[in-house]
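>>> okay, predicted coordinates and the sequence, questions at the end:
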Amino acid sequence: MHNGELIGIAIRKKSRAPMELVDTADISIDLGIDGDFRGNHKKRQITLLAKEAWEDTCADLGTKMPWTTRRANLLTKEISFENTTGSHLQIGEIVLQVTGETQPCSRMDEAYSGLKEALVPAWRGGILCLVLTGGRIQIGDSIFFK
């Protein structure tokens with residue numbers, strides 16, 4: 001099975017707050033990513049976005065935007081998330097369960113006109129996950145489906 005790589009970590013301290021990039025993060029079953037306001041949400045403690053999907057989205061829109069525009073917590077490369085609901089994903093020492101596809105919201109069109117629709121095909125908006133095993137993650141960690 002091919003391993004991907006964790007290449008970005010971002011948190012938001014509250015709704016509509018700017019995304020803050022970090023190099024490492026502590027993850028727990030109760031709080032999700034330490035410092036991120038969504039960590040206690042029951043279906044979406046952590047959101048993941050694939051770099052390749054983001055690049056395809058930007059190419060379709062004819063623009064370049066930072067991945068944090070999508071407001072996901074983790075950016076990966078070389079791993080696909082399409083149709084993975086129910087799967088378990090390991091990143092470094094943590095294990096996540098995929099609870100579904102991230103549904104792009106109107107905030108995306110506030111960031112860039114047409115972004116919401118451009119994220120719809122092939123799960124480009126990423127995935128929602130719950131924490132099954134906590135620990136610490138850092139940029140460069142391997143990521144793979146178990």
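Yep, that arrived.
>>> would Asp56 count as being in a helix?
Yes. Applying DSSP: H, G, I helix; E, B strand; the rest coil, one finds Asp56 inside a helix.
>>> what is the burial count for the nearest residue to it once chain neighbours are set aside?
Take Asp56 and drop its neighbours on the chain: the residue closest to it by Cβ to Cβ, 6 or more residues apart in numbering is Arg124, 6.5 Å away. C-beta here means a position set from N, CA and C on the backbone, and glycine is covered the same way. If you count neighbours by other Cβ atoms under 10 Å, Arg124 ends up with 23.
>>> cool, and Trp67?
23.
>>> also the one 10 residues further on?
As a burial measure, Lys77 scores 15 neighbours (other Cβ under 10 Å).
>>> which phi and psi does the closest residue to Asn83 other than its chain neighbours have?
Using Cβ to Cβ, 6+ apart and skipping the chain neighbours, the partner closest in space to Asn83 is Trp123 (7.3 Å). The phi/psi pair for Trp123 (degrees, to the nearest 10) reads phi 60, psi 30.
>>> next: Leu49.
According to degrees, to the nearest 10, Leu49 has phi -130, psi 140.
>>> who are the contact partners of it?
Neighbour list for Leu49: Trp67, Arg70, Ala72, Leu74, Leu75, Thr76, Thr102, Gly125, Gly126 [criterion: Cβ atoms under 8 Å, 6 or more residues apart in numbering].
>>> give me the spatial nearest neighbour of the last one, chain neighbours excluded.
The reference is to Gly126. Closest to Gly126 by Cβ to Cβ, 6+ apart is Leu49, at 3.9 Å.
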